[in-house]
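1. Here's a sequence, model it:
(chains A and B)
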Amino acid sequence: MYDGAKIIPGLIIFVVLATFAIWYGAGDVKQVPKPEKPVGYTNCVKPTQEMKESHMTLLNQWRDEVIREGKREQVEAGGKMYEKSLQNGCMHCHTSKEKFCDVCHSYASVRPYCWDCHMSAKKIKGLEEAI
Amino acid sequence: MDNKRRKFLKIAGLSAVAGIGAPAALNMLMKGNVQASSSHGHGDDHGGGHEEAKGHGAHQKEVKLGKRYGMVIDVHKFNHTPGLVQKCIDACHDTFNVPDIGNKKDEVKWIWEEPFAHAFPEHSHYKKNTELHHLSFLVTCNHCDSPPCVRACPTQATFKNEDGIVMMDFHRCIGCRFCMAACPYGSRSFNWRDPRGMKDGKPFIKKVNPEFPTRMRGVVEKCNFCAGRLKKGLLPKCVEATGDTKAMVFGDLNDPNSEVSKVLKSRFTIQRKPALGTKPSVFYII
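-> This is a model prediction of the structure:
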């Protein structure tokens, strides 16, 4: 092989760089996010697993039903009635966006645009304190 | 050899005719069958006849189905109660987190005041009643029966709902502002600036209503006739703010026994720019 002295170290450097993402975090066990559960409520509108997997689908479905079809009737969970609404429904129990929504969203590096318009209690306070 | 070719051509020709003719013949037969069965059904039960009558009726007169919410605004009552106009505006804007940007260019409004000449440009202003000069007219989205904004919207972000309310789905608005160009009443506002922002240390939204979201920059907004409150059996915020003055009467225009319908029957009212054919649902007693 011609120029083996250059090619082989070059190849090694390439492989190391290309697999950087794999070995960089190796052995460093990341804490699985634990969103804070609301106190005093036991039932969500859907089973926990379903909510974990497809809460975004449910939110979109609620949005379309409420705005487009005018189906604003409340949904029942554990004997209590909740509004089909992010701010008035979900966040009635899950009061803190920072301690619930953001915990998983930042772990999974997703940035939902809900919060461009919808507000967490903290945001409302922030807006009001600015006066 | 010749004989074989002759035979082949004959068979080929026949199959071509059969291939083209058979589907056509089958089609004709099928159609004949359907016609026969439909005429049979018509003669047999009364359902068919009833349906035909219904269809016939639709041709002659517009059938009014479902609700169509509307409003009558009594301008004199407003002007006899000082401060009522502002009370209505504040009630609405506080509920829906409508930002007060503070300059005319970036202004966002759901309900606001206009002088007669701006609200009713089609009416003659030549030698008009002096009182009209001083009257202020509360104007908002007219929730037209034939809304031009809905036709202009390329994403169906704005649409007419089952109650005749022209709704906005802020989630779907791409901010193209076609609807603003289409609306002849200027009822739509564009968020040129972030409504959550502030100027000189003063936020655009003075008091936040936690039950309703804000909007984001680049979205069009307008009055929604308080669609959510109506479903709960409440009146729109502005109507509620007028209280017992009866300066605003709200209800179903398609229901002949509703309060609005009764007021509309007994009083002379005008609409904004009726010649455009948008059929506004907001009426004015002048």
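2. who's in contact with the closest residue to chain A within the stretch 1-150 of chain B?
-> Nearest residue of the stretch 1-150 of chain B to chain A: B:Asn97, at 8.7 Å (Cβ to the nearest Cβ). Using the backbone N, CA and C atoms, a C-beta is placed for each residue, glycine as well. B:Asn97 is in contact with B:Pro195, B:Ile205, B:Val208, B:Asn209, B:Phe212, B:Pro213, B:Thr214, B:Arg215, counting by Cβ atoms under 8 Å, 6 or more residues apart in numbering or on different chains.
3. Can you narrow the residues you listed down to the ones near chain A?
-> B:Ile205, B:Val208, B:Phe212, B:Pro213, B:Thr214, B:Arg215 (Cβ under 8 Å from any Cβ of the partner chain).
4. What score does the third one have for pLDDT?
-> Think B:Phe212. In this model, B:Phe212 is scored at 93, pLDDT.
5. Is it correct that it is in contact with B:Cys92?
-> No - the pair B:Phe212 / B:Cys92 is not scored as a contact, 11.2 Å apart, by Cβ atoms under 8 Å.
6. who has more neighbours, those two?
-> B:Cys92 (23 against 18; other Cβ atoms under 10 Å in any protein chain shown).
7. counting contacts, what elements does the helix or strand hosting the more buried one pack onto?
-> Here B:Cys92 is covered by helix B:84-95, with elements defined by DSSP states H and E. Judged by 3 or more Cβ pairs under 8 Å, 6 or more residues apart in numbering or on different chains; DSSP states H and E, the packing partners of helix B:84-95 are helix B:75-80, strand B:111-115, strand B:136-140, helix B:237-242.
8. Adding distance to chain A, mean neighbour count and mean pLDDT, write the ones you listed out as a markdown table.
-> As requested, those are exported to a markdown table (distance: least, Cβ to the nearest Cβ, whole Å; neighbours: other Cβ atoms under 10 Å in any protein chain shown; pLDDT from 0 to 100):
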| stretch | distance to chain A | mean neighbour count | mean pLDDT |
| --- | --- | --- | --- |
| helix B:75-80 | 30 | 16 | 90 |
| strand B:111-115 | 20 | 17 | 93 |
| strand B:136-140 | 19 | 21 | 92 |
| helix B:237-242 | 17 | 22 | 94 |
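9. Just put these in JSON lines and tack on distance to B:Lys279.
-> Converted to JSON lines, the helices and strands packed on helix B:84-95 look like this (distance: least, Cβ to Cβ, whole Å):
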{"stretch": "helix B:75-80", "distance to B:Lys279": "21"}
{"stretch": "strand B:111-115", "distance to B:Lys279": "20"}
{"stretch": "strand B:136-140", "distance to B:Lys279": "16"}
{"stretch": "helix B:237-242", "distance to B:Lys279": "21"}
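10. Show me what from chain B comes close to chain A.
-> Counting by Cβ under 8 Å from any Cβ, the residues of chain B near chain A are B:159, B:161-163, B:167, B:169-171, B:196, B:198, B:201-203, B:205-208, B:210-216, B:227-228, B:231-232.
11. Quick one: buried ones out of the residues you listed?
-> For the residues of chain B next to chain A, a neighbour count by 16 or more other Cβ atoms under 10 Å in any protein chain shown gives the buried set as B:159, B:161, B:163, B:167, B:169-171, B:196, B:203, B:205, B:208, B:210, B:212-216, B:227-228.
12. Can you tell me which of the residues you listed end up in strands?
-> B:Phe159, B:Met167, B:Pro203 (DSSP state E).
13. Out of these, the closest to chain A would be?
-> Nearest to chain A among those: B:Pro203, at 4.8 Å, using Cβ to the nearest Cβ.
14. isn't the closest one right up against A:Leu127?
-> Yes - using Cβ under 8 Å, B:Pro203 is in contact with A:Leu127, at 5.7 Å.
15. Need the overlap of contacts for these two.
-> B:Arg196.
16. Tell me where chain A has strands.
-> Under DSSP E, chain A gives strands at A:75-77, A:80-82.
17. Could you dump these into JSON lines and include mean pLDDT, distance to B:Ile286 and mean neighbour count?
-> Output for the strands of chain A, formatted as JSON lines (pLDDT from 0 to 100; distance: least, Cβ to Cβ, whole Å; neighbours: other Cβ atoms under 10 Å in any protein chain shown):
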{"stretch": "strand A:75-77", "mean pLDDT": "90", "distance to B:Ile286": "46", "mean neighbour count": "14"}
{"stretch": "strand A:80-82", "mean pLDDT": "91", "distance to B:Ile286": "45", "mean neighbour count": "14"}
